[in-house]
Every structure is written in structure tokens, then in C-alpha cells.
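In: Sequence first, predicted model second:
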Amino acid sequence: MRLSVKAEEVATFYGRMLDHEYTTKEVFRKNFFNDWRKEMTAEEREVIKSLDKCDFTEIHRYFVDKAAARRVLTREEKQKLKEEAEKLQQEFGYCILDGHREKIGNFKTEPPGLFRGRGDHPKMGMLKRRVMPEDVVINCSRDSKIPKPPAGHQWKEVRSDNTVMWLAAWTESIQNSIKYVMLNPCSKLKGEKAWQKFETARRLRGFVDEIRSQYRADWKSQEMKTRQRAVALYFIDKLALRAGNEKEDGEAADTVGCCSLRVEHVQLHPEADGCQHVVEFDFPGKDSIRYYNRVPVEKPVYKNLQLFMKNKDPQDDLFDRLTTTSLNKHLHELMDGLTAKVFRTYNASVTLQEQLRALTRAEDSIAAKILSYNRANRAVAILCNHQRATSSTFEKSMQNLQTKIQVKKEQVAEARAELRKARAEHKAQGDGKSGSVLEKKRRLLEKLQEQLAWLSVQATDKEENKQVALSTSKLNYLDPRISIAWCKRFRVPVEKIYSKTQRERFAWALAMAGEDFEF
DNA sequence: GTCTGGACTTAGGATTGTGGTT
DNA sequence: AACCACAATCCTAAGTCCAGAC
């Protein structure tokens, strides 16, 4: 069936996703079909009444072929595409801020498509509309070269607000929230903000002992509200839980954080795993990532939880007298600039520093030091519950690595035998030629042993990292100055820890952290 | 207090780039 | 040159937190 242009475009959004799990989900299909029908002409709507009877395979094949065609382009053609993208980046990807040319993060508006909400999102599959110039607000100084809208179009508004960071904004059609064009993390402005964030977290170090003893005292408060706040704060501090703002139901997936925990998300065990007073957490957190943890807690916490759960239904709020606003208000009184999320930053960075101290040995090889670093990083990622899906190729690539290790082991054994032989020969002949052969064999063995060590480090790292995502903590929670100081102290090239973009993002830290930086 | 809109950070998955192997 | 695996980067959803209105 030949479709009208509008209906066809929306059909292609679905067709190109055909091999994605989304298209098997009832909610996705229902929302898509509903929005698709809105784009149809009256005649089309007459004919197309059931998604089950629509066949998108031709559309799907078109995109598969297109992707394949892209893959087989010649080197020159690929080079040309790259240059075109670079030209676009140069023209639109930068702005002038306070007289400096700064890289923009997202300089393109988001293309139209089908909304891909995470978890059980009630709006998945809905049509995300194309952004038109008429939707876009431009923010730049009055005396600057104001960007021109495309021919025949106008901006929604041009304003000059120097109290905000965004350069352009539009309202997105799914949640009616605002999307922004902002600077790249390598920009001076973003760098300063990150630095400020870590400085706030460092300041918490000076207050944390006092705060901890206070919330312990508050576990026995007369006021229910204070007790709830004190137990919640304990979780935020000890378990690095997120604040947990309330969400409008029906608008997003059902996920929770600390303050929004419900009775159904915790189970109390008087005794478990050989410990007393164990709390079992099981709830969907941000991005619907499961948080599952069994932790022994101090007795007053346990008793309080029993009290908070008494006479409540599973769906009731655990902390019914607590909101993120009231918690943060309390935190503000304890320290200037203190909010719930500062505890995550603080505990993440402190954990990294402690773990690095405990794990690194000066006499280790660079490879072993990097494994230690990754393990320290991993401790943080586990604390913050940063997960990733196990890649579909994990088992296979692990197997490949094991094979490589086996081959390398055999090579080492062989090299060792040859070295022995060369040594015997040199002893018998004692001339310069047999001496240089001996030296060569010795070097070969050394090199192979090094390679073997590196491979087995990789294998250990890989296995331990199967379901743990290190990048989120590395980019957002770990004060980069800790890592840089560690690199300097233990003579590890910083490129082994931070990629090029990461070094640009953390340029501010590279410039200021010496080897004795302490968080 | 409570609600809402706004601005910003944090997050995992998707896509792209790279370097080694076949 | 084609292919593959992994790392790096991009994308944008989903959080946090604040200010202002009532």
C-alpha cells in the first residue's frame, strides 16, 4: 500500500526497529499504532485498522540494505562522509562564550522517532515529533551574531539570559519537558561546574563525622519524622542510594529511590547469612535497573524499620513523613550546599582513594597497577549499582582470551626450553656468538612472560567486569584529581586511565593535581 | 506545605571508530 | 580488503534540585 508522506515516515520509524525487542512489547505496539493512525489520512485510517495485519518487512529490508551499503563504501567515500561531518561540526558545533570558542555538546536537535522509554514505560512507542525552528528558543547575547533560522522559518523566541548555561531549547512532545543545547564537558564552564561539585563533596569530609553521629542520635528521636529522616540518611550515606523524588504515575516507569521506597521494597530478616538485623532491598531504581542488596544494619535502624512498616500495605511509602525537599532542607542546615546526591559523590571518591591505597603496590608492573585501579573503580561502581547488560558475545570472547592464554603459556614453555639449551651451548662453547644467542633467548622469554601476565590480568578484569559498568562513576563520581595523583605517584601514564576525550573533560584536574593530592 | 516548570547532572544502550586478524 | 571484537563516543532518557506561585 502506498502511504501518504506523513504516514509513511512514521511507518519507517517502526519498520527500521523490527528486529528490536521493543516491537514485541504490547504497550509499545499500542502506543505506536495509536500515534501512527493520527498521522494517516482519513482514507488510510479506513484501511489500516490493525497493526497485526501490517507487514513492515519491506521497509525493514530497505534499512538493512542501506546499512550494508554504507559498510561497503570505499575508503575515499568514507573519508568524504567524514569530512562533511567535520564541516558541519566546525560550522555549528562551536559557540563563543566570554570571547572563547567553546565546543557544544549536542548541536543537533533530536530527530523524530518512536519514544524508547526504559523499563515498563507507559509511553514507549509514542511518536516523538520533529522539532521545527518555530519550537526553538535561542539564547545568546544581544550584540552577538544571532543564528539565522532556516529559510522561510522563524525561531520561537530569541532571548539573552546570561544566568543559564543553555544556548538553545525546545519542548519535547512526549513528556512536555524542555530539552537543551549545552556545552561539551570539555568546556571551561562545564569543567568549573564539575570542579565545584567535587569541592562540595570534599567539604563534606569535614562535616561527615558530626552528621553521622547526629543521625544516629536521631534514630531515637521522639518525632517520627526525624526518625524517618535519620534512617533514610543512613541508607543514603551507607548504601549510596539516590534521593528518590516522587514521580507522577502513568507518566513514567515505576522506579524509586530512598525517600520513595515502599514497604514492598524491603524485607526484614532477624538473622540471615550469619548476621543479625539484615535488611533485604529489592527495587527498580533509575533506568529501571534493579537494586538488590542484603545488608546487616545497626539494631536501632532495624527496630525503626519494623516500626515504619507496621500496619502498612505493601504499596505504602516506607518513609511516609519524608520528602526529598524536607531531607535536603535539613541537609542545607548541616552544611552549605549539602544535598542527598553529595553523599554519592563523597562516598564514591572516598572509596576510590581508599581502595587505591589498599590495592596498589609500588613494585607492581604497570599492568598489575592498572588492574588495581580497575578494581578500585569497580568497588565504586558496585557501591553505586552501575550495571550493564552482559554482552551477547561475552562467553565467546572470554573463550578466545583463554585460548590466547593457553597458546602464550606454551610459547613461554618453549622459550624456556630454548633458553636452557642456549645456556648449555654457551657453557660448552663460551664464544661471543653463543653468548649473543643466549641473550636473545633470555629477552624473548622475558617478553613472552610479560605478555602472558598482561593476558591473565585482562582475563581477571574481564570476568570481574561482566555486569559492572565503570564509565558512569569514572565520569561523574570520581574526583579526577585522585586518579591523576595516583598516576603520578605510581608512574602510570595517565593515558592508561583516561582516554583522549576524558583527558579533555578533566583538563582542569590535570592542570591542578600534583602527586600528593588528597581528596 | 505543595505543586509546577525549569535547569542542570547522571545513566545505559546504540553507534561509530580502531586496530588486529584472516 | 573484509571482518571482527572491543573501546570510545554519541545519544537522549531519567534522574536531582531549585525557585516561584499559590
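Out: Ah, there it is.
In: Can you list phi and psi of residue A:93 for me?
Out: phi -90, psi 0 (degrees, to the nearest 10).
In: residues touching the closest residue to it other than its chain neighbours, list them.
Out: Nearest in space to residue A:93, with sequence neighbours left out and distances taken as CB to CB, 6 or more residues apart in numbering, is residue A:107 at 4.9 Å. All C-beta spots, glycine's among them, are computed from the backbone N, C-alpha and C. The contact partners of residue A:107, by CB atoms under 8 Å, 6 or more residues apart in numbering, come to A:89, A:92, A:93, A:181.
In: Apply 10 Å and report the result again.
Out: Shown in contact with residue A:107 (CB atoms under 10 Å, 6 or more residues apart in numbering): A:88, A:89, A:91, A:92, A:93, A:94, A:95, A:167, A:168, A:181, A:182, A:184.
In: Those in helices, which ones?
Out: Using DSSP state H, the members of the contacts of residue A:107 that fall within helices are A:88, A:89, A:91, A:92.
In: contacting residues for the first one?
Out: Residues near residue A:88 by CB under 10 Å, 6+ apart: A:107, A:108.
In: Roughly how far does it sit from residue A:107?
Out: Between residue A:88 and residue A:107 the computed distance is 9 Å (CB to CB, to the nearest Å).
In: ditto for the second one
Out: Shown here: residue A:89 relative to residue A:107, a distance of 8 Å by CB to CB.
In: likewise residue A:355?
Out: Distance from residue A:355 to residue A:107, counting by CB to CB: 38 Å.
In: And residue A:14, by the same measure?
Out: On the measure of CB to CB, residue A:14 and residue A:107 end up 28 Å apart.
In: Outline the domain layout of chain A.
Out: A:5-72, A:95-181, A:208-334, A:356-512 (automatic domain parsing).
In: Could I get the average pLDDT for the longest one?
Out: For domain A:356-512, mean pLDDT is 86.
In: Partner strands of the longest strand anywhere in chain A and their direction?
Out: Ranked by number of residues, the top strand in chain A under DSSP state E is strand A:275-284. According to DSSP bridges, strand A:275-284 forms sheet pairs with strand A:266-272 (antiparallel), strand A:290-296 (antiparallel).
In: how about stretch A:500-516, does it get close to DNA strand C?
Out: Yes: looking at stretch A:500-516 against DNA strand C by CB under 7 Å from any atom of the strand, the contacts come from A:500, A:501, A:502.
In: Counting neighbours, what do you get for the last one?
Out: Okay, so that is residue A:502. Neighbourhood size, residue A:502 [other CB atoms under 10 Å]: 19.
In: ok now do it, which residues does it touch?
Out: A:185, A:186, A:471, A:474, A:475, A:480, A:483, A:494, A:495.
In: export these to TSV and tack on distance to residue A:267, neighbour count and secondary structure?
Out: TSV is the format used below for the contacts of residue A:502 (distance: CB to CB, whole Å; neighbours: other CB atoms under 10 Å; DSSP: H, G, I helix; E, B strand; the rest coil):
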residue	distance to residue A:267	neighbour count	secondary structure
A:185	40	19	coil
A:186	45	18	coil
A:471	32	12	helix
A:474	33	21	helix
A:475	34	16	helix
A:480	39	27	helix
A:483	38	27	helix
A:494	45	16	helix
A:495	46	11	helix
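In: Within the helices and strands, which one has the residue nearest to residue A:242 when sequence neighbours are not counted?
Out: Spatial nearest neighbour of residue A:242, chain neighbours left out: residue A:257 (3.8 Å); criterion: CB to CB, 6+ apart. Per DSSP states H and E, residue A:257 falls between elements, in no helix or strand.
In: Next, count neighbours for residue A:257.
Out: For residue A:257, the neighbour count with other CB under 10 Å is 22.
In: what about the spatially closest residue to residue A:255 that is not a sequence neighbour, neighbour count?
Out: Distances taken as CB to CB, 6+ apart put residue A:284 closest to residue A:255, at 4.7 Å, once the chain neighbours are dropped. Neighbours of residue A:284 under the rule other CB under 10 Å: 17.
In: ok, now which ones touch residue A:284?
Out: A:118, A:119, A:120, A:253, A:254, A:255, A:256, A:265, A:290, A:291.
In: Give me the pLDDT for it.
Out: 96.
In: and it, how far is that from residue A:295?
Out: Plainly put, residue A:284 is 18 Å away from residue A:295 if you go by CB to CB.
In: Please apply the same query to residue A:249.
Out: Counting by CB to CB, the gap from residue A:249 to residue A:295 is 28 Å.
In: more crowded one of these two?
Out: residue A:295 (16 against 9).
In: Could you give the bridge partners of the nearest residue to the more buried one once chain neighbours are set aside?
Out: Excluding the flanking residues, the one nearest residue A:295 by CB to CB, 6+ apart is residue A:279, at 5.6 Å. According to DSSP bridges, the residues that bridge with residue A:279 are residue A:268, residue A:295.
In: Quick check, residue A:279 in contact with residue A:293.
Out: Yes: if you go by CB atoms under 10 Å, residue A:279 and residue A:293 touch, sitting 8.3 Å apart.
In: any idea which helix is longest in chain A?
Out: helix A:394-429.
In: Tell me the buried residues in that helix?
Out: A:401, A:405, A:408, A:411, A:412, A:415, A:419, A:422, A:425, A:426 (16 or more other CB atoms under 10 Å).
In: For residue A:408, give me its contacts.
Out: Counting by CB under 10 Å, 6+ apart, residue A:408 has contacts A:448, A:449, A:451, A:452, A:453, A:454, A:455, A:456.
In: can you rerun that using 6 Å?
Out: If you count contacts by CB atoms under 6 Å, 6 or more residues apart in numbering, residue A:408 has them with A:451, A:452, A:455.
In: How about residue A:70?
Out: So residue A:70 contacts nothing (CB under 6 Å, 6+ apart).
In: And it, how far from DNA strand C?
Out: 12 Å (CB to the nearest atom of the strand, to the nearest Å).
In: With neighbour numbers in mind, choose between residue A:279 and residue A:293.
Out: Neighbours were tallied for residue A:279 and for residue A:293 using other CB under 10 Å; the higher tally belongs to residue A:279 (19 against 13).
In: doesn't residue A:297 make contact with that one?
Out: Yes: in this structure, residue A:279 is within contact of residue A:297 by CB atoms under 6 Å, at 5.3 Å.
In: any residues in contact with both of these two?
Out: Counting by CB under 6 Å, 6+ apart, nothing touches both residue A:279 and residue A:297.
In: Go through the residues of stretch A:500-516 next to DNA strand C and name the one nearest residue A:197.
Out: The shortest approach to residue A:197 among the residues of stretch A:500-516 next to DNA strand C belongs to residue A:502, at 16.5 Å (CB to CB).
In: quick one: what helix or strand has that closest one in it?
Out: helix A:500-505.
In: next structured bit after that helix?
Out: Helix A:500-505 is succeeded, C-terminally, by helix A:507-512 (DSSP H and E).
In: Show me what that next one is in contact with.
Out: A:191, A:195, A:480, A:481, A:484.
In: now swap in stretch A:338-357 and tell me
Out: The contact list for stretch A:338-357, computed with CB under 6 Å, 6+ apart, reads A:200-201, A:204, A:236-237, A:240, A:243, A:328, A:331, A:376, A:379-380, A:383, A:473, A:477-479, A:482, A:486, A:519.
In: which of those residues are close to DNA strand C?
Out: By CB under 7 Å from any atom of the strand, the members of these lying near DNA strand C are A:243, A:328.
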